[in-house]
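**Q** Quick check, what structure comes out for this input:
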Amino acid sequence: MSLLASGGPRALTHRAVDRRAGVPLGSTSNLFRTQEALVGAVVDFLVQVDYRGLRHLRRETPTGANDLATALARFASAARTTGREHARARHALLVHASDAPSSAAVLAEGRLRLVAWGTDALRSIGATRPEEKSALIVGMIDGMISATVFMNLPIEESALASAIKAIITDP
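**A** So this is what the prediction gives:
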């Protein structure tokens, strides 16, 4: 992930991954035969990192719109510090995907998994139209994370939580 975050998609090569991991040259290509397979593995890793963060939110067991909105705003705010490299790697993959349809498909699948997580969370608190609202919230959080990581704009957690709550409670 750090290769991708610091050097973009061109830095994500089998050889560079082998060197970074300290394994014999050729090890990565034995596991991931193509560049697209390597990109797919990174996308899977990034989605798993998101899931770990979101699982932590679920352990807090949001009981309503306010709890869930607050937890999601906190998740987005963490991108400014602990999630910075992750956000940079995701952005690099988005740029790469604009020229690589198979990478775009892998990224779209990762996004669908996050939207599905959100749909389940919204359903668990009784929100109406959970699929639609989850897609909106994921998009909004993505935008806020990009703004804080790439433009150094602060995320006002309370304002973001209010916006997320408004989406959740909209009939």
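
**Q** can we go C-alpha only for contacts and neighbour counts from here?
**A** Fine.

**Q** My guess is residue 39 contacts residue 105. True?
**A** No. Residue 39 is beyond contact range of residue 105, at 11.1 Å (criterion: CA atoms under 8 Å).

**Q** neighbour-wise, which of those two wins?
**A** residue 39 (23 against 13; other CA atoms under 10 Å).

**Q** Now for the chain, the helix or strand with the poorest mean pLDDT.
**A** In the chain, no helix or strand scores lower on mean pLDDT, DSSP states H and E than helix 35-59, which sits at a mean of 76.

**Q** What score does residue 60 have for pLDDT?
**A** Per-residue pLDDT puts residue 60 at 62.

**Q** cool, the one 3 residues further on as well?
**A** According to the predicted model, the pLDDT of residue 63 comes to 80.

**Q** I'd like the distance between the nearest residue to it once chain neighbours are set aside and residue 1.
**A** Once flanking residues are discounted, residue 63 sits nearest to residue 125: 6.2 Å by CA to CA, 6 or more residues apart in numbering. Look at residue 125 and residue 1: by CA to CA, to the nearest Å, they are 34 Å apart.

**Q** Report the separation between the residue nearest to the spatial centre of the chain and residue 83.
**A** Residue closest to the average C-alpha location in the chain (CA atoms, centre = their mean): residue 50, at 5.3 Å. Separation of residue 50 from residue 83 (CA to CA): 9 Å.

**Q** same question, residue 149
**A** 9 Å.

**Q** More neighbours: those two, which one.
**A** When residue 149 and residue 83 are compared for neighbours, residue 149 comes out ahead with 21 against 18, by other CA under 10 Å.

**Q** Look at the more buried one and report its pLDDT.
**A** The model's pLDDT for residue 149 equals 87.

**Q** Could you list the alpha-carbon positions for the strand or helix carrying residue 140 in PDB?
**A** Here residue 140, judged by DSSP states H and E, is contained in helix 130-150. Extracted in PDB, the C-alpha atoms of helix 130-150 (Å, rounded to 0.1, in the frame of the first residue of the first chain):
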ATOM      1  CA  PRO A 130     -31.000   1.700   3.100                       C
ATOM      2  CA  GLU A 131     -29.400   0.900  -0.200                       C
ATOM      3  CA  GLU A 132     -29.900   4.300  -1.600                       C
ATOM      4  CA  LYS A 133     -28.800   6.100   1.600                       C
ATOM      5  CA  SER A 134     -25.800   3.900   2.000                       C
ATOM      6  CA  ALA A 135     -24.500   4.800  -1.500                       C
ATOM      7  CA  LEU A 136     -25.000   8.500  -0.800                       C
ATOM      8  CA  ILE A 137     -23.200   8.300   2.600                       C
ATOM      9  CA  VAL A 138     -20.300   6.300   1.100                       C
ATOM     10  CA  GLY A 139     -19.900   8.900  -1.600                       C
ATOM     11  CA  MET A 140     -20.000  11.800   0.900                       C
ATOM     12  CA  ILE A 141     -17.500  10.100   3.100                       C
ATOM     13  CA  ASP A 142     -15.200   9.500   0.200                       C
ATOM     14  CA  GLY A 143     -15.400  13.100  -0.800                       C
ATOM     15  CA  MET A 144     -14.700  14.300   2.700                       C
ATOM     16  CA  ILE A 145     -11.700  12.000   3.000                       C
ATOM     17  CA  SER A 146     -10.300  13.300  -0.300                       C
ATOM     18  CA  ALA A 147     -10.800  16.900   0.800                       C
ATOM     19  CA  THR A 148      -8.900  16.300   4.100                       C
ATOM     20  CA  VAL A 149      -6.100  14.300   2.700                       C
ATOM     21  CA  PHE A 150      -5.400  16.100  -0.600                       C
END
